[in-house]
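>>> coordinates for the following, if possible.
(2 chains)
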Amino acid sequence: MSEGKSEISIEALRRGDRGEFARLVDAYSGPLYRLALKMLGTASDAEDALQNTFLKAFQHMDSFEERSSLSTWLYRIASNEALMLLRKRRPEISFADTMAEEEDERNYDPVQFTDWCCLPEEEYLSAEGRKAMDRAVEHLPETLRIVFVLRDIEDLSIQETSQVLGLSETAVKTRLLRARLRLREELSSYYGDRLNKRSKE
Amino acid sequence: MSAKKPSLTQCQSLLVFLSDFVDGTLSDELCQEINSHASECEHCRIVVDTLRKTISLYHECADEPAEIPGEVRSQLFKTLNLQDYLKP
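Below you'll find the model as predicted:
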């Protein structure tokens, strides 16, 4: 979500200019929908999160402080919406459980050592490959997933990600590394299998 | 994670720098240390290469335009009471 969308007038939004709101929705709904989809995994939940994000943005336009950019503010609302929906969906899993799982350092030691970088290019982003990549993201604990999605999918900087989530930059970096190491393990499993199958063909 | 066993401690201590290494934001000194270690430790070389590949695959997907389906957009505009601005 580039700052090229900065031509949207904050002043007009604050005045309640509906045409400007419509432009805001068109400018930001694509990336915010993708974030929600990656976080929640289903189109219907992502749609709910997207609607709630814009409803809240419209209701709370007055509280938008220009210290942060409009995109950072919208990502913050969208991230909170997605995390709230996830917690509603699984109330039996407490935030403390998620944190305990995330904090266990043993969960990040590499165990897959197949070099799958030599596969033919068409293998990587095949329909099946993309599904494996999406599954790997879904399997991340939500505290890691949100950091990974903001940084590596939505291309926010470490600093922007820390502003969106209200975390220190160190915490963002730690979670990002953990997320990436987990994803590497899962992709190693999938693409390692592909490598084996190809060598037997 | 070492095949030739330079030392498990060394492998683990490098792990923490891998994100910055792959992103190109690590100091030259530490980069050299990782490169030199990975040239002797096959497991670490594989971890570095496959981590880099993992991230680049996600970046490649993310470079594709993020669009919402037409019906999701229509419903969104209706919910927000903006349907009079709903142009194709």
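>>> longest helix of chain B?
helix B:42-62 (DSSP state H).
>>> measure how far that helix is from the centre of its chain, please.
7 Å (Cα atoms, centre = their mean, to the nearest Å).
>>> which helices and strands sit right next to that helix?
helix A:127-139, helix A:169-200, helix B:8-15, helix B:18-23, helix B:28-40 (3 or more Cβ pairs under 8 Å, 6 or more residues apart in numbering or on different chains; DSSP states H and E). Bear in mind the C-beta positions are built from the backbone N, C-alpha and C, glycine included.
>>> how much space is there between the residue nearest the centre of chain B and residue A:163?
Taking Cα atoms, centre = their mean, the centroid of chain B lies closest to residue B:55, which sits 2.8 Å from it. Look at residue B:55 and residue A:163: by Cβ to Cβ, to the nearest Å, they are 22 Å apart.
>>> what do you get for residue A:180?
21 Å.
>>> now do residue B:11
Residue B:11 is 34 Å from residue A:163, where distance means Cβ to Cβ.
>>> C-terminal to the longest helix of chain B, what's the next element?
For helix B:42-62, the succeeding helix or strand toward the C-terminus, using DSSP states H and E, is helix B:70-79.
>>> for that next one, buried residues please.
B:72-73, B:75-77, B:79 (16 or more other Cβ atoms under 10 Å in any protein chain shown).
>>> measure residue A:49 to chain B for me?
With distances taken as Cβ to the nearest Cβ, to the nearest Å, residue A:49 is found 11 Å from chain B.
>>> how many neighbours does that residue have?
Neighbours of residue A:49 under the rule other Cβ atoms under 10 Å in any protein chain shown: 26.
>>> next one: residue B:17
Residues near residue B:17, counting by other Cβ under 10 Å: 17.
>>> which SS class is the nearest residue to residue B:59 once chain neighbours are set aside?
Closest residue in space to residue B:59, ignoring its immediate chain neighbours: residue A:152 at 6.6 Å, by Cβ to Cβ, 6 or more residues apart in numbering or on different chains. Under DSSP: H, G, I helix; E, B strand; the rest coil, the three-state class of residue A:152 is helix.
>>> against residue A:8, how distant is residue A:152?
Following Cβ to Cβ, the distance that separates residue A:152 from residue A:8 is 26 Å.
>>> next: residue A:83.
26 Å.
>>> cool, residue A:55 as well?
As judged by Cβ to Cβ, residue A:55 and residue A:8 stand 18 Å apart.
>>> for residue B:31, same thing?
From residue B:31 to residue A:8 the distance is 40 Å (Cβ to Cβ).
>>> swap in residue A:137?
Noted for residue A:137: a distance of 29 Å to residue A:8, by Cβ to Cβ.
>>> between these two, which one's more packed in?
Set residue A:137 next to residue A:8 and count neighbours by other Cβ under 10 Å: residue A:137 wins out with 21 against 16.
>>> now for the more buried one: which residues touch it?
If you count contacts by Cβ atoms under 8 Å, 6 or more residues apart in numbering or on different chains, residue A:137 has them with A:38, A:145, A:148-149, A:183.
>>> again, but for residue B:54
Per Cβ under 8 Å, 6+ apart, neighbours of residue B:54: A:180, A:183-184, A:187.
>>> for residue B:30, which non-adjacent residue is spatially closest?
residue B:17 (5.6 Å).
>>> any idea how far residue A:36 is from the closest residue to residue B:79 other than its chain neighbours?
Distances taken as Cβ to Cβ, 6+ apart place residue A:51 nearest to residue B:79, at 5.0 Å, with adjacent residues excluded. Separation of residue A:51 from residue A:36 (Cβ to Cβ): 10 Å.
>>> tell me the mean pLDDT over the helix or strand harbouring residue A:23?
Applying DSSP H and E as the criterion places residue A:23 in helix A:18-40. Averaging pLDDT along helix A:18-40 yields 96.
>>> now for the next helix or strand after it, which elements pack on it?
Counting by DSSP H and E, the next helix or strand C-terminal to helix A:18-40 is helix A:43-59. Here helix A:43-59 touches helix A:18-40, helix A:70-89, helix B:70-79, going by 3+ Cβ pairs under 8 Å, 6+ apart.
>>> now tell me which helix or strand of the chain has the poorest mean pLDDT.
With no chain named, the answer covers chain A. helix A:95-103 (a mean of 68; mean pLDDT, DSSP states H and E).
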